[in-house]
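Visitor: Quick one: sequence plus predicted model below, questions after.
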Amino acid sequence: MKVVIIGGVAGGATAAARLRRQREDAEIIILERSGYISYANCGLPYYIGGEIEDRQELALNTPESFFERFRIDARVRHEAVDIDREQKTVTVRRLEDGTLYRETYDKLILSPGARPVIPSVPGTDLERVFTLRTVEDTYAIDDFVRRNNPQTAIVIGGGFIGLEMTENLIRRGISVTLLQRSGQVMPPLDADLAALLHSHMRKKGVELRLHTEVKALRDAGAKVSVERKGEAALEADLVIMAVGVQPDSELARRAGLRLGIRDSIWTDSHMRTSDENIYAVGDAVQVRHFVTGRPALIALAGPANKQGRIAADNIAGMDREYHGSQGSSILKLFDLTAAATGINEKEAKRQGLDYDYVILCPSSHASYYPGAQPLTMKVLFEKPSGRILGAQIVGAEGVDKRIDVLAAAIRARMTAADLTELDLAYAPPYSSAKDPVNMAGYMIENLLTGLVRQVHWDDVVSRPGLLRAASADRDGGEPMLLDVRTAAEFARGHIDGARNIPLDELRDRINEVPEKRPLYVCCHSGLRSYLACRILSQTGYNCYNVAGGYGFYERSVCAMQN
């Protein structure tokens, strides 16, 4: 059996190695148009920033190492330009000299990846304008920085590459302005969690410009002028284009293969395309979203590796299925970490799901043990089942542990009740006896069982400091915001119109709380206000806990609404 694989890196290289382990007799050829068969593409920004110092560290495997260990014929600088499905041949161009040849196959695996989105504006081809996708791109940026010693950079786009490049350019001593067309960076997060990143970036010296649309790039001598719609132009020594990626599916389209959403390559659960002899894996393929069951396009290294393995197993005669991606991702941004898994609130709304979410702000480990750092967690759940739909976490430490537990919980289709019973490792330097994941389960369970009702800050304020004039259930008259923090906390900051009765005084001062008005109850994080709601609801009051508390309002909601 002869298998030709178009594209290396995560999907293609994994498929090749797995296939060799399954079929020692197979002839395996990889065609890779770049100069590197398998490289650490997720590590590219960190080479530019100096975290990774040796260029050789980026190359995980070479054609020589692949052949020595696996007897796989890996050909770099060889570009597949056409597929003849009837003849089962691939036309290949040797990029070194431009000559063409044909390669036959019994089975074909497409792993073309994704290519950077280049906006249709003038000037994207200027010599000081770069994209980052391959090792060659990385070296070009690094060489430019070494040769020209730029002092300023503009990064266009606030996704993973844009944010990682922003951090690493600043690490190189370059001042960075980041331009984002929408109102937030890092699309996997909802706006309220992304606002935490906005504040942190600005503290680190990033000039962040949201709602900014680029209309042209102009050569300004030793600089690039970035013209913006409705705003003054900005100049910088170099520009990084990082507005996103799109499936590199042109070869599949020309071959007549079925395409999916956003021109991705359609695949079934076995990673087969519409041609039974052709498989496809990685950033270019349409998959099933594990949470929603809907078609999805998720360009991440983890899914690509898994898909490559499954395609190889099916070619080797095993019956293996890919059950979907859930988009688990994580980002280092200076000394913060942001992570997400499953779906966010934006997607839940698009899908018309009956959902809610909890906001909690626990410590990364036992608060009495030195070094505890706050986490901000948003966990979405389905009503009334309590099934976990997604999670987002921002914090300085402990983020990776919790997002991975929640990712596993989503994969196992766990409910909030299951989260409460998870037996997670505990010692004061690492966690609390009730881990934040357990706490999320408790909070959701309390909502589902009716032990407490909640509102979110957008139900409470119309803009920072201004209360809405409508109750959560639209009965009982105009609501009152009851703040149960201490008098000292209240004095340091509060919402105009809020009434302050500290939790520990509430029972003795309950006669000061109006009985016929809905009560929105808040504290710093949502715990004391929950306790206050339990006191009040058992006394007959109509009360709602404000999710996230004043701390979340101050750090996120105000930043988002300003």
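Guide: Here it is on my side, so go on.
Visitor: For the residue lying closest to Gln351 once chain neighbours are set aside, which three-state class applies?
Guide: Spatial nearest neighbour of Gln351, chain neighbours left out: Thr292 (5.4 Å); criterion: CB to CB, 6 or more residues apart in numbering. (Glycine included, C-beta is placed from N, CA and C.) Using DSSP: H, G, I helix; E, B strand; the rest coil, the structure places Thr292 in coil.
Visitor: Kindly confirm whether my reading is correct that Thr292 touches Glu347.
Guide: Yes - in terms of CB atoms under 8 Å, Thr292 counts as a neighbour of Glu347; the distance is 7.3 Å.
Visitor: ok, these two, which is more surrounded?
Guide: Neighbour count, other CB atoms under 10 Å: between Thr292 and Glu347, Glu347 has more, with 22 against 18.
Visitor: follow-up on the earlier one: mind checking pLDDT for the residue nearest to Gln351?
Guide: As predicted, Thr292 sits at a pLDDT of 97.
Visitor: show me the residues around it that make contact.
Guide: For Thr292, the residues meeting the contact criterion (CB atoms under 8 Å, 6 or more residues apart in numbering) are Ile343, Glu347, Gln351, Leu353.
Visitor: Please flag which of these sit within helices.
Guide: Among the contacts of Thr292, DSSP state H puts Glu347 in helices.
Visitor: Which member of the contacts of Thr292 is positioned nearest Ile388?
Guide: Nearest to Ile388 among the contacts of Thr292 is Ile343, at 10.3 Å by CB to CB.
Visitor: The closest residue to the closest one other than its chain neighbours: neighbour count?
Guide: Among residues not flanking Ile343 along the chain, Gly390 sits closest, at 4.3 Å (CB to CB, 6+ apart). Gly390 has 26 neighbours, counted by other CB under 10 Å.
Visitor: quick one: contacts for Gly390?
Guide: Val291, Ala340, Thr341, Gly342, Ile343, Asn344, Glu347, Ala348, Val379, Leu380, Ile410.
Visitor: what are the ranges of the helices in the stretch 451-562 of the chain?
Guide: Counting by DSSP state H, counting those that start in this stretch, the stretch 451-562 of the chain has helices at residues 457-460, 487-492, 503-506, 527-537, 549-552, 558-561.
Visitor: and the first one, what other elements does it pack with?
Guide: Helix 457-460 makes packing contacts with strand 519-522 when contacts are defined by 3 or more CB pairs under 8 Å, 6 or more residues apart in numbering; DSSP states H and E.
Visitor: now the strand it packs on, how far from the centre of its chain.
Guide: Relative to the chain's own centre, strand 519-522 is displaced by 32 Å; criterion: CA atoms, centre = their mean, to the nearest Å.
Visitor: Report all helices and strands that it contacts.
Guide: Partner elements for strand 519-522 (3+ CB pairs under 8 Å, 6+ apart): helix 457-460, strand 480-483, helix 527-537, strand 543-546.
Visitor: what are the C-alpha coordinates of the helix or strand harbouring Val239, in PDB please?
Guide: Using DSSP states H and E, Val239 maps to strand 238-241. Provided in PDB are the C-alpha atoms of strand 238-241 (Å, rounded to 0.1, in the frame of the first residue of the first chain):
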ATOM      1  CA  LEU A 238       7.000  47.100  11.300                       C
ATOM      2  CA  VAL A 239       3.500  45.600  11.100                       C
ATOM      3  CA  ILE A 240       2.300  42.100  12.000                       C
ATOM      4  CA  MET A 241      -0.800  41.000  10.300                       C
END
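Visitor: Other residues contacting that strand?
Guide: The contact list for strand 238-241 (CB under 8 Å, 6+ apart) reads 116, 118-119, 124, 126, 128-132, 141, 144-145, 148, 150, 152-157, 162, 165, 169, 217, 224, 226.
Visitor: Show me which of these are buried.
Guide: Among those, those that count as buried by neighbour count (16 or more other CB atoms under 10 Å) are 116, 119, 124, 126, 128-132, 141, 144-145, 150, 152-157, 162, 165, 169, 217, 224, 226.
Visitor: Strands - which of those residues land there?
Guide: Here DSSP state E is the test, and the buried ones among the contacts of strand 238-241 give Pro116, Val129, Phe130, Thr152, Ala153, Ile154, Val155, Ile156, Leu217, Val224, Val226 as lying in strands.
Visitor: Adding pLDDT and distance to Cys558, write the contacts of Thr292 out as a markdown table.
Guide: What follows is these, written out as a markdown table (pLDDT from 0 to 100; distance: CB to CB, whole Å):
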| residue | pLDDT | distance to Cys558 |
| --- | --- | --- |
| Ile343 | 98 | 26 |
| Glu347 | 96 | 25 |
| Gln351 | 95 | 29 |
| Leu353 | 97 | 28 |
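Visitor: among the contacts of Thr292, which ones are buried?
Guide: Looks like the contacts of Thr292 have Ile343, Glu347, Leu353 buried, using 16+ other CB under 10 Å.
Visitor: ok, now which ones touch Glu96?
Guide: Contact analysis of Glu96 by CB under 8 Å, 6+ apart lists Arg77.
Visitor: In which helix or strand does it reside?
Guide: Of the helices and strands defined by DSSP H and E, none includes Glu96.
Visitor: Which residues are in contact with the closest residue in space to Leu419 that isn't next to it in sequence?
Guide: Excluding the flanking residues, the one nearest Leu419 by CB to CB, 6+ apart is Gly441, at 2.8 Å. Residues counted as contacts of Gly441 (CB under 8 Å, 6+ apart) are Ala416, Ala417, Asp418, Leu419, Thr420, Glu421, Leu422.
Visitor: Mind doing that once more with 6 Å?
Guide: For Gly441, the contacting residues are Ala416, Leu419, Thr420, by CB atoms under 6 Å, 6 or more residues apart in numbering.
Visitor: The residues you listed in helices, which ones?
Guide: Using DSSP H, the members of these that fall in helices are Ala416, Leu419, Thr420.
Visitor: Name the nearest of these relative to Arg55.
Guide: Closest to Arg55, out of all of the ones in helices among the contacts of Gly441 and judged by CB to CB, is Leu419, at 44.2 Å.
Visitor: gap between that closest one and Glu213?
Guide: Distance, Leu419 to Glu213, by CB to CB, to the nearest Å: 41 Å.
Visitor: So if I had to pick from the two, which one is more boxed in?
Guide: Neighbours were counted for Leu419 and for Glu213 using other CB under 10 Å; Leu419 has more, 26 against 15.
Visitor: before we move on, back to that, in JSON lines: the helices of the stretch 451-562 of the chain, plus distance to Asp263, mean neighbour count and mean pLDDT.
Guide: Shown next, in JSON lines, are the helices of the stretch 451-562 of the chain (distance: least, CB to CB, whole Å; neighbours: other CB atoms under 10 Å; pLDDT from 0 to 100):
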{"stretch": "helix 457-460", "distance to Asp263": "36", "mean neighbour count": "19", "mean pLDDT": "89"}
{"stretch": "helix 487-492", "distance to Asp263": "53", "mean neighbour count": "12", "mean pLDDT": "97"}
{"stretch": "helix 503-506", "distance to Asp263": "56", "mean neighbour count": "16", "mean pLDDT": "98"}
{"stretch": "helix 527-537", "distance to Asp263": "48", "mean neighbour count": "21", "mean pLDDT": "97"}
{"stretch": "helix 549-552", "distance to Asp263": "39", "mean neighbour count": "25", "mean pLDDT": "95"}
{"stretch": "helix 558-561", "distance to Asp263": "33", "mean neighbour count": "19", "mean pLDDT": "75"}
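Visitor: what's the closest of those to Leu375?
Guide: Evaluated over the helices of the stretch 451-562 of the chain, closeness to Leu375 peaks at helix 549-552, with 11.7 Å, by CB to CB.
Visitor: Test my guess that Leu19 contacts Ala312.
Guide: Yes - applying CB atoms under 6 Å as the test, Leu19 and Ala312 come out as touching, 4.0 Å apart.
Visitor: what about those two, which has more around it?
Guide: Ranked by neighbour count (other CB under 10 Å), Leu19 and Ala312 place Ala312 first, with 30 against 25.
Visitor: how about the more buried one, what does it touch?
Guide: By CB under 6 Å, 6+ apart, Ala312 lies in contact with Ala15, Arg18, Leu19.
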